[in-house]
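J.: Output the structure for:
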Amino acid sequence: MSPWSDEKLIKIINSYREYVVKYSPQAIVVKVPPVVHHSPEIKIIMAEIGLLAKKHGCEFDFITKDELKEATNTDNTQSLIERTVLLYPELNEVFERGPKSYLYYQRLYEAVLSARIYEEWARIKEVQE
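T.: Numbers count the residues shown, from 1 in each chain. Below you'll find the predicted structure:
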C-alpha cells in the first residue's frame with residue numbers, strides 16, 4: 001500500500017460520497033480494525049465518513065471483525081463466510097461468476113454480514129427506546 005496522503009483521503013471519501021449519492025442508504029457501516037490498531041489515518045477516515053453520513057442523513061456505525069464473529073458465534077474467517085452463504089445462498093452464484101480472488105469474497109461476505117448485524121442492532125436499539 002502506498003504511503004498516506006491527502007489525495008488518498010480524498011479518493012476514499014469521494015468513493016463513499018458517490019455511493020451515498022447514488023444509492024441513498026439509510027446507514028453506513030464500516031468494518032474497522034480493533035481500536036488498538038487505529039492509526040491516525042484510520043481515525044481521520046472514520047471522522048470524515050461520519051461527517052459524510054451526517055450530511056446525508058444516514059445512520060453511521062463501525063464494526064470490527066471480532067464483533068462479526070461474536071454476533072455470529074463463529075471463530076474464524078471461513079466460518080464467517082459459511083454463515084453468510086447460509087443466510088444469503090444467492091452469494092454462491094455471485095462467487096461462481098466473479099473474480100477468483102478469495103480476499104475479494106472475504107471482504108464482500110464480511111460487508112454483507114456487517115449490514116445484517118447492523119440491522120439487527122438497530123432493531124434491538126429501537127425496541128429498547
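J.: all contacts plus neighbour counts: C-alpha atoms, from now on.
T.: OK.
J.: Ramachandran coordinates for residue 63?
T.: phi -140, psi 140 (degrees, to the nearest 10).
J.: Let me see the contact set for it.
T.: Contact analysis of residue 63 by CA atoms under 8 Å, 6 or more residues apart in numbering lists 29-32, 114.
J.: what are the bridge partners for it, then?
T.: For residue 63, the residues forming beta bridges with it (DSSP bridges) are residue 31.
J.: What separation do you get for it and residue 70?
T.: 11 Å (CA to CA, to the nearest Å).
J.: In three-state terms, label residue 25 for me.
T.: coil (DSSP: H, G, I helix; E, B strand; the rest coil).
J.: Can you give me the neighbour number for it?
T.: The number of residues packed near residue 25 is 14, by other CA atoms under 10 Å.
J.: The contacts of residue 63, buried ones only, as a PyMOL selection?
T.: Listed next is the PyMOL selection for buried residues among these, using 16 or more other CA atoms under 10 Å:
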select buried, resi 29+30+31+114
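J.: I'd like the contacts of residue 63 as a markdown table, with pLDDT and distance to residue 125 appended.
T.: Listed next are the contacts of residue 63 as a markdown table, based on pLDDT from 0 to 100; distance: CA to CA, whole Å:
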| residue | pLDDT | distance to residue 125 |
| --- | --- | --- |
| 29 | 95 | 16 |
| 30 | 93 | 19 |
| 31 | 92 | 20 |
| 32 | 91 | 21 |
| 114 | 93 | 16 |
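J.: and the contacts of residue 63, which two are the farthest apart?
T.: 32 and 114 (10.9 Å; CA to CA).
J.: Can you tell me the number of residues neighbouring the residue nearest to residue 71 when sequence neighbours are not counted?
T.: In this structure, residue 71 finds its nearest non-sequential neighbour in residue 117, 7.2 Å apart by CA to CA, 6 or more residues apart in numbering. Neighbours of residue 117 under the rule other CA under 10 Å: 18.
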